[in-house]
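Asker: Just the structure for this:
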Amino acid sequence: MPVVYGSPDLLPGLSVVYVCGCGLRIGEYGAHAAEPPPGWVRIAESDYVCEHCAAYFASEAQARPRQSPPA
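Answerer: Numbering: from 1, shown residues only. Sure thing, here's the model as predicted:
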């Protein structure tokens with residue numbers, strides 16, 4: 001899921017909602033809004049995953065046997 005940037009008219013400041021594919025949402029506000037929440041991992045230009053999903057994807061990658069390139 002992409003990061004959603006915005007600023008409601010009533011709040012004159014940057015507000016960011018980080019949304020993971022698992023459904024976890026964390027909102028950041030103010031000076032640190034552009035920094036992802038602790039433990040979140042960037043997977044694309046504006047895509048992040050939560051700490052739990054990042055650990056899951058890492059364990060899945062390690063569990064898959066490495067294949068040699070075709071000859």
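
Asker: which stretches of this protein form strands?
Answerer: Assigned by DSSP state E, the chain shows strands spanning 4-6, 15-19, 25-29, 41-44, 47-49.

Asker: possible to save those as CSV with distance to Gln62, mean pLDDT and mean neighbour count?
Answerer: Every C-beta, even on glycine, is put in place using the N, C-alpha and C of the backbone. Listed next are the strands of the chain as CSV, based on distance: least, C-beta to C-beta, whole Å; pLDDT from 0 to 100; neighbours: other C-beta atoms under 10 Å:
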stretch, distance to Gln62, mean pLDDT, mean neighbour count
strand 4-6, 31, 59, 11
strand 15-19, 25, 86, 18
strand 25-29, 26, 86, 14
strand 41-44, 15, 86, 12
strand 47-49, 16, 88, 20
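
Asker: Same list, the ones you listed, but as a markdown table with distance to Ala61 please.
Answerer: As requested, those are arranged in a markdown table below (distance: least, C-beta to C-beta, whole Å):
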| stretch | distance to Ala61 |
| --- | --- |
| strand 4-6 | 27 |
| strand 15-19 | 22 |
| strand 25-29 | 24 |
| strand 41-44 | 12 |
| strand 47-49 | 13 |
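
Asker: of all those strands, which lies closest to Ala58?
Answerer: strand 41-44 (8.8 Å; C-beta to C-beta).
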